[in-house]
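Participant: Need a 3D model of the following:
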Amino acid sequence: MRIRSATDRPDTDRPRMPLAVYVLGLSVFALGTSEFMLSGLLPPIAEDMGVSIPRAGLLISAFAIGMVVGAPLLAVATLRLPRRTTLVTLITVFGFGQVAGALAPNYPILFASRVVSALACAGFWAVGAAVAVAMVPVHTRARALAVMIGGLSIANVLGVPAGAFLGEHFGWRSAFWAVAVATGIALVGVVSLIPALPVPDERPRLGQEARIYRDPQVWLSVSVVALAAGGVFCAFSYLAPLLTDVAGLDDGWVPTVLALFGIGALIGTAIGGRIADAHLFGVLLSGTAASTVLLVALALLGQYAVLAVALSFLLGLSAFYTAPALNARLFNVAGAAPTLAGATTTAAFNLGNTGGPWLGGAVIDAGFGFASTAWAGAGLTAAAIGATAVSLRLHRRSSRTSRPAPASRVVAGAGASADGAADRAGNPVRTDS
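Facilitator: Below is the predicted model of the structure:
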């Protein structure tokens, strides 16, 4: 029986998204909840573990750094393994990491559990993104990636506030147990619904996949992702003190505003995912420009409570509006190495998620105040616009020439694109689970 290639044109202009892609989104919900929930659990964790809040905050940094390092390392380590088996293994390890965190008797063990969880999370993100684009036609990649990113948005809307609620009423360990249960549900979905993807007779080789890093467009895309994410999270990481100390809101408003940011993120992801496949650079430029304008407005008008709340919602919308396009762009320029493309995208986002808050803390420590984080963030997103403009110029220049595309844009040998080529050529294709 012929196996349909991911690059075959669908019978309709907007094919139905495979259920397996939504399973990946559910998995990302559990991963994202664990990644971000500690921001609301630091005081009780610090008290229970007998450490300072800044030291407890290192648990957040450890997770982000683990994501940066783990994504490319695990992508390389699992390059020749069956995709579904890799996903099952990684989400299982992640679940055990949550259990270890819930049972941790001291800070070092809790710290170690976060590192292990981050490594598994990074690997799942990288491989899961590659699997998602392998299951859909090329022209709907952004929509598939939007489903995965939507899981992260829902984690911000529901998972993180729920974790804070559990931590307040039942202790911080209950939040870890809840994520472990959600991970178990996601594991069942992965085992039962992720298909055995076709793989070519010749397995992908690391040297072949690594050729993507010769393409300047790959590095430009990495820069755009890191700068765009870093600019938003430079301000978002310190949104709570900005709301209370600058806008004058009560502490009770902070969870509501954070939820509004998450709702904006969910809406932005849905809109961006619908548009990005047809207007990728348009989404990148318009969304990043909107984030820059909103950050400047937050810096200038943050003292007005109503405007601060509204701008927080709009910032979530603009930031995640660009997320599907940011992901899809890297997959487009690295088509011959979908696994390393996913790993590189994951690392780039977490470079921004690590570097942005660091820059925000630096300007605060320099005495410029909490509103200065929005100015610093606007500087980063403005740089992202410049990098996107350069990438667009190179893209147009290469499109006008008749020379062969760089190796990173030749779909061959690795991942889903190679599977589709083998299928169309009538070559034998075998499947692994």
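Participant: List the contacts of the nearest residue to A305 once chain neighbours are set aside.
Facilitator: Of all residues not flanking A305 in the chain, A247 sits nearest, at 4.5 Å (C-beta to C-beta, 6 or more residues apart in numbering). Any C-beta I mention is one placed from the backbone N, CA and C, and that applies to glycine too. Residues near A247 by C-beta atoms under 8 Å, 6 or more residues apart in numbering: G302, Q303, Y304, A305, A308, V309.
Participant: Same check on R16?
Facilitator: By C-beta under 8 Å, 6+ apart, R16 lies in contact with nothing.
Participant: Surely it forms part of a helix?
Facilitator: No: remark: R16 does not belong to a helix; assigned using DSSP: H, G, I helix; E, B strand; the rest coil, it is coil.
Participant: for the stretch 151-300 of the chain, which spans come out with low pLDDT?
Facilitator: Within the stretch 151-300 of the chain, the segments meeting pLDDT under 70 span 197-206.
Participant: in it, which spans are strands?
Facilitator: For the stretch 151-300 of the chain, strands defined by DSSP state E, counting those that start in this stretch occupy the ranges 198-199.
Participant: just the helices in it please.
Facilitator: 160-170, 172-193, 206-209, 216-236, 239-241, 253-275, 280-301 (DSSP state H, counting those that start in this stretch).
Participant: Pick the most buried one from those.
Facilitator: Compared across those, helix 216-236 shows the largest average neighbour count, a mean of 25 (mean count of other C-beta atoms under 10 Å).
Participant: Dump it to PDB, keeping only the CA atoms.
Facilitator: The C-alpha atoms that make up helix 216-236 are tabulated as PDB, following Å, rounded to 0.1, in the frame of the first residue of the first chain:
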ATOM      1  CA  PRO A 216      23.600  32.200   6.500                       C
ATOM      2  CA  GLN A 217      19.800  32.200   6.300                       C
ATOM      3  CA  VAL A 218      19.800  29.600   9.100                       C
ATOM      4  CA  TRP A 219      21.800  31.900  11.400                       C
ATOM      5  CA  LEU A 220      19.700  34.900  10.500                       C
ATOM      6  CA  SER A 221      16.600  32.900  11.400                       C
ATOM      7  CA  VAL A 222      18.200  31.900  14.700                       C
ATOM      8  CA  SER A 223      19.000  35.500  15.400                       C
ATOM      9  CA  VAL A 224      15.500  36.600  14.600                       C
ATOM     10  CA  VAL A 225      14.000  34.000  17.000                       C
ATOM     11  CA  ALA A 226      16.300  34.800  19.900                       C
ATOM     12  CA  LEU A 227      15.900  38.600  19.500                       C
ATOM     13  CA  ALA A 228      12.100  38.500  19.100                       C
ATOM     14  CA  ALA A 229      11.700  36.100  22.100                       C
ATOM     15  CA  GLY A 230      14.200  37.900  24.200                       C
ATOM     16  CA  GLY A 231      12.600  41.300  23.700                       C
ATOM     17  CA  VAL A 232       9.200  40.200  24.800                       C
ATOM     18  CA  PHE A 233      10.500  38.200  27.800                       C
ATOM     19  CA  CYS A 234      12.800  41.000  28.900                       C
ATOM     20  CA  ALA A 235       9.600  42.900  29.900                       C
ATOM     21  CA  PHE A 236       7.300  40.000  30.600                       C
END
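Participant: Thanks again, I'm all set now.
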